[in-house]
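[1] test case, fold it:
(2 chains)
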Amino acid sequence: MSKTVAFELRLYVAGQTAKSIAACANLQRICETHLAGQYRIEIIDLIKNPKLAAGDQILAVPTLVRRLPKPITKIIGDLSDEERVLVGLDVRPI
Amino acid sequence: MLAMEFLVRGATQYGEPGVFMMFEENVAELTANVRSLGFDLEKLVAQKKLVLDHVHIERSEIEETGEYDLEGLFIRLDHAVKSIGAKRVVLDTVEALFSGLPNHAILRAELRRLFRWLKDHGLTAVITGERGEQSLTRYGLEEYVADCVIILDQRIHEQISTRRLRVLKYRGSAHGTNEYPFLIGERGLSVLPITSLRLDHEVSAKRIPTGIARLDEMLGGHGVFRGSSVLVSGSSGTGKSSVGARFAEAACRRGERVLLFAYEESSAQIVRNMGSIGIDLGLWVKKGLLQIHSSRPTLQGLEQHLLMMHDAVRSFHPSVVVVDPISNLTLDRDASAVKPTLMRLIDFLKQQQITTLFTSLTAGGGETTENSQLGVSSLMDTWLLLRNVEFNGERNRTIYVLKSRGMAHSNQVREFVLSDKGIELVDVYLGADRVLTGTARVAQEELERTAAARREEDHQRKLSQLASRQKAIEAQIAALRCEAEVESAEVAFSLSRETLHQRTAQQSTDVMAYLRGADKTGSGGKKGKR
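    Model prediction:
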């Protein structure tokens, strides 16, 4: 385990909707389970910062963007399907 | 493209800023593409009249897990709209969303929400979509979202493509349901309505001369009505273009502006050729009263030609338009398409009170020329027919007025003579059984003249003969009268002699009787008794 953060994740949400909250919770859980200590999560509320939506080409909410490692991938939805989130983040279960 | 124009016009002409959200092209590409139409997007963006937003969706980058919505898109749009106070929104092409996001059920629901949202915010939106196989759009959006559906398509007919536009539905408005050709030109997009909805253009009772004095006479003495349309038809070489040029020149002389569309000759060629019959068009071109537009008819579709004409007419404001010839415009195209197009042109010109002269080539000579007029003759107010009459080893031009609405016009055929002095109309020889033209006419007239002279001579001779005979008779009468006088003198003489004789005879008898002492009562009868 390197000390540098391997996974830099950004979660775009829009306000405190049920889906946003679910997505946050799911993300926290998955990361803790599989990527403990290697990740950093940034949560962006588009309602507060609408300009940021253009930067990562966000259409759907919630969207999880994996900024590191490259390439950038996006996962949309409330992240309820753990398998697919892991596939999307390219993380093999340990 | 339509959407872009909608936005740009909105931004520049109606003061309604717009947001262009594109899913296919990126900002730089779009800016470059529409620059060819004369839209300067960068400037508009700088002036805060326009926001361009490129939404990029890469399927390969996206994984779907569970529920989501398109709130992100909403927020972006909302942000863009608010940043400039936009009234107009364009989404180009929403289909891209479908290819980018796999869950169509969510998309549909979200799009519906999006349209609702647009309406709630009082935004006018143009959403473009690709046409599907069966439905109007590939993903069947139009049924529930749009208030107005416009279909654009491109058709190729006889190697010439025409873009067409049709308003399929437009809630809450009476709209034209026809297909209209449209054109993407230098000044953006223009649509041609098939016809004006009503025939209600203003008419003028003013007449304008055609430039050929005798022709004016044939048309009731004053030429054609201003704003009317004149068709000059005839086979090749009958002088149609000359009539057109003359008409144009006459208008120029009156100081009116003339637009000449030529589809056979280049403008320089027209000027040169018309110079040969004494029509100097070059002068008027230089003075700026005449514009000649020459192009090949096959350059573009009929509709495009029509649009070009519209543009030219709008920018030049002529009062007379000459199209030479319309029949060339219809090359290789079915006549059914030509008629409505011409009708559109004529309507357009009539509404502008422009007098038009069309020439039309009819195939071959022959007697059938009257019915092969592309079916446009019924649209025309005045129809002149030029015809070559071939007789006696030469061809001569004749002109007829087939119809002329609203004026008394001649039913006579005139011979049409082109010379370096211009166009002249000459009476044809109307013989006992046929119409003669050209040298035959001249010969016939010569013949007529000599015949008349001879008859005159004959007549004179006859007269003098009669006079001398009369004199002879008179002489005879005089002689006879003399004779009669002689005769009557003779009669008188013999009568007097007889009387004298009788008297003398009586006297001698009386003397005899006296001498013989006869009874005084006795008569001559008693003489026998002596």
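
[2] for whatever helix or strand B:L111 lives in, which helices and strands make contact with it?
    If you go by DSSP states H and E, B:L111 is part of helix B:104-120. Helices and strands touching helix B:104-120, by 3 or more C-beta pairs under 8 Å, 6 or more residues apart in numbering or on different chains; DSSP states H and E, are helix B:71-84, helix B:95-100, strand B:124-127, helix B:142-145. Bear in mind the C-beta positions are built from the backbone N, C-alpha and C, glycine included.

[3] again, only this time at 7 Å
    helix B:95-100, helix B:142-145 (3 or more C-beta pairs under 7 Å, 6 or more residues apart in numbering or on different chains; DSSP states H and E).

[4] tell me what B:L425 is bridged to.
    Taking DSSP bridges as the rule, B:L425 bridges to B:F416.

[5] surely it meets B:R214?
    Yes: using C-beta atoms under 7 Å, B:L425 is in contact with B:R214, at 3.6 Å.

[6] what do the two both touch?
    By C-beta atoms under 7 Å, 6 or more residues apart in numbering or on different chains, B:L425 and B:R214 have these common neighbours: B:R414.

[7] helices of the stretch 301-450 of chain B, residue ranges please.
    B:302-316, B:326-329, B:335-351, B:438-516 (DSSP state H, counting those that start in this stretch).

[8] and whatever residue of the stretch 301-450 of chain B ends up closest to chain A, how many neighbours does it have?
    Nearest residue of the stretch 301-450 of chain B to chain A, counting by C-beta to the nearest C-beta: B:L307, 38.9 Å away. Neighbour count of B:L307, defined by other C-beta atoms under 10 Å in any protein chain shown: 19.

[9] what about it, distance to B:H293?
    From B:L307 across to B:H293, the span is 13 Å (C-beta to C-beta, to the nearest Å).

[10] which neighbours do the two share?
    With C-beta under 7 Å, 6+ apart as the test, B:L307 and B:H293 reach no residue in common.

[11] tell me which parts of chain A are close to chain B?
    A:12, A:14, A:19, A:46-47, A:50-51, A:53-54, A:57-63, A:72-81, A:84-85, A:87-88 (C-beta under 7 Å from any C-beta of the partner chain).

[12] can you select the buried ones from those in PyMOL?
    To isolate the buried ones among those in PyMOL, judged by 16 or more other C-beta atoms under 10 Å in any protein chain shown, type:
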select buried, chain A and resi 12+14+19+46+47+50+53+54+57+58+59+60+61+62+63+73+74+75+76+77+78+79+81+84+85+88
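
[13] related to what we said a few turns ago, show the model's pLDDT score for the residue of the stretch 301-450 of chain B closest to chain A.
    Looking at B:L307, its pLDDT stands at 72.

[14] for the one 5 residues further on, same thing?
    At B:A312 the predicted local confidence, pLDDT, stands at 80.

[15] again, but for the one 3 residues further on
    With respect to pLDDT, B:S315 scores 81.

[16] cool, and B:E249?
    Confidence score, pLDDT, at B:E249: 84.

[17] middle-most residue in chain A, spatially?
    A:L64 (3.2 Å; C-alpha atoms, centre = their mean).

[18] shouldn't it be within a helix?
    No: under DSSP: H, G, I helix; E, B strand; the rest coil, A:L64 sits outside any helix and is assigned strand.

[19] in this structure it contacts A:L11, no?
    Yes: between A:L64 and A:L11 there is a contact at 5.2 Å, judged by C-beta under 7 Å.

[20] between the two, which contacts overlap?
    With C-beta under 7 Å, 6+ apart, A:L64 and A:L11 have common neighbours A:L27.

[21] from chain A, how far out is B:E265?
    For B:E265, the distance to chain A equals 57 Å [C-beta to the nearest C-beta, to the nearest Å].
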